[in-house]
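In: A predicted structure for the sequence below; I have some questions about it.
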Amino acid sequence: MRTGSPVPADVELAVRDALRSIERGLGGPALKDSFKLEDIRLPLQMLDEKQKSAIVAVGSWFLLREIEIAALRQKHMQIDREAQTIIMTLWASKTDQIGNLVTRTHRCYCGSVGPCLCPFHVALAFSEGLQVDPEAPLFTDRAGSVLSKSETIESIRSILQWNSVPLVRPGPAGHQQVERFGGNVLRVSGSQFMARRGVPLSTIMLVGQWGSSSIERYVQEAELDSFVLPNKKDVPGSSTQTETVALLQERVQSMADAIEKLQLRPDLVIAKKAHLRDLRRQRRLQPLDPETQRYLWLAPDCLEPLDLVQAETRRYHRLAPDCLEALDLRHGDTVWCKLAGA
């Protein structure tokens, strides 16, 4: 009863206590069972099974609930043979079945999953037997009427049973076996299939029109399907791993040495005074141009008649006049000096 007056504190406390007592022991929402879509083979060659195969393929790729599948009309599925795409017009949410419609598109995926699971080719094979009527139900029962929720679920279970997928599992204590798959089985299985194939979670949310984090409950088990325990030899700190790291480091160093050898560098370092490179570096470096071996780039103050100093004692080398064949003065502070015998 709405009175417009504030609720007393003792009443709010009593309400909270009542809610806690009701929810105690209920646990979280139950996880919905799923199947591995990539392991399913659809009997497309069997005329009676084409509709059931289309229900599984379309529902899994477009992440549909059973009520959405049952409510589809022929006009809601468009097939473009030239572009090899299938476009579905869907409800914006499970509570909006009239006004806000959205479109989702898939294309031929035969290169990834094969024609038996390709949404385009499965839908194409199914559409060839339809009587064209845009307002007619896309999936019908034997009388041509709209499928019910239970009939849609039974069609899905029929395909799973044909693939030898167990349809029941043990129940809790005191209960017998329970049915594994409900109305959301294609929505759950399709989202987990996309997650295993590396589709980003944001893209899966767009395809399935999720607006909350509830999708995380659907795809959380997808990681377990691809879980692989590492081998003992790959455990960090093992001798095999240490040897592998050492081998990789050796390869990297040899690659660096090979790259260094490809660099073209002159034997002479050009600064204010010409000097030879260190002998240890000189063995590794190649001259930039053969002509650079014949000339020294010297400053004028280096041209005094001094003796050649040994490389081991000094870093800089000055040449005596008898080593020079000719001097050609250039602009600035430097001259070109041609080595004798070059």
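Out: Done, it's in. Owing to the predicted nature of the structure, the values given are computational and were not obtained by experimental measurement.
In: could I get the average pLDDT for stretch 61-75?
Out: Stretch 61-75 comes out with an average pLDDT of 90.
In: identify the residues contacting it?
Out: The contact list for stretch 61-75, computed with C-beta atoms under 8 Å, 6 or more residues apart in numbering, reads 55, 58-59, 88-91, 94, 97, 104, 106, 119, 130, 132-139, 146-149, 151-153, 156, 182-184, 186-187, 190-191, 204, 207-209. Glycine gets a C-beta too; all of them are placed from N, C-alpha and C.
In: make it 7 Å
Out: 55, 59, 88, 90-91, 94, 97, 104, 106, 119, 130, 133-139, 146-149, 152-153, 183-184, 186-187, 190-191, 207-208 (C-beta atoms under 7 Å, 6 or more residues apart in numbering).
In: which residue ranges of this protein form helices?
Out: 9-23, 50-61, 66-71, 110-113, 119-127, 149-162, 185-196, 201-208, 215-219, 222-225, 239-262, 279-282 (DSSP state H).
In: dump those helices to TSV, plus mean neighbour count and distance to D80.
Out: Output for those, formatted as TSV (neighbours: other C-beta atoms under 10 Å; distance: least, C-beta to C-beta, whole Å):
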stretch	mean neighbour count	distance to D80
helix 9-23	10	50
helix 50-61	25	15
helix 66-71	22	21
helix 110-113	12	16
helix 119-127	20	9
helix 149-162	18	26
helix 185-196	24	22
helix 201-208	16	18
helix 215-219	18	29
helix 222-225	12	30
helix 239-262	10	49
helix 279-282	10	67
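In: distance to P43 for the ones you listed - can I get that in JSON lines?
Out: JSON lines is the format used below for the helices of the chain (distance: least, C-beta to C-beta, whole Å):
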{"stretch": "helix 9-23", "distance to P43": "45"}
{"stretch": "helix 50-61", "distance to P43": "6"}
{"stretch": "helix 66-71", "distance to P43": "18"}
{"stretch": "helix 110-113", "distance to P43": "16"}
{"stretch": "helix 119-127", "distance to P43": "11"}
{"stretch": "helix 149-162", "distance to P43": "6"}
{"stretch": "helix 185-196", "distance to P43": "17"}
{"stretch": "helix 201-208", "distance to P43": "26"}
{"stretch": "helix 215-219", "distance to P43": "27"}
{"stretch": "helix 222-225", "distance to P43": "24"}
{"stretch": "helix 239-262", "distance to P43": "48"}
{"stretch": "helix 279-282", "distance to P43": "74"}
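In: hey, least reliable of these by pLDDT?
Out: Looking at these, the bottom one is helix 279-282 with a mean of 52.
In: which of the helices of the chain sits closest to F35?
Out: F35 lies closest to helix 185-196 among the helices of the chain, at 5.2 Å (C-beta to C-beta).
In: other SSEs contacting the closest one?
Out: helix 50-61, helix 201-208, helix 215-219, helix 222-225 (3 or more C-beta pairs under 7 Å, 6 or more residues apart in numbering; DSSP states H and E).
In: got CSV for those, with distance to I69 too?
Out: As requested, these are arranged in CSV below (distance: least, C-beta to C-beta, whole Å):
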stretch, distance to I69
helix 50-61, 5
helix 201-208, 14
helix 215-219, 17
helix 222-225, 22
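In: to A258, which of those lies closest?
Out: helix 222-225 (41.5 Å).
In: by contact count, what packs against the closest one?
Out: helix 185-196.
In: now do the helix it packs on against helix 149-162, angle only.
Out: Helix 185-196 and helix 149-162 are oriented at 50 degrees to each other (axes from the mean of the first three to the mean of the last three C-alpha atoms, to 10 degrees).
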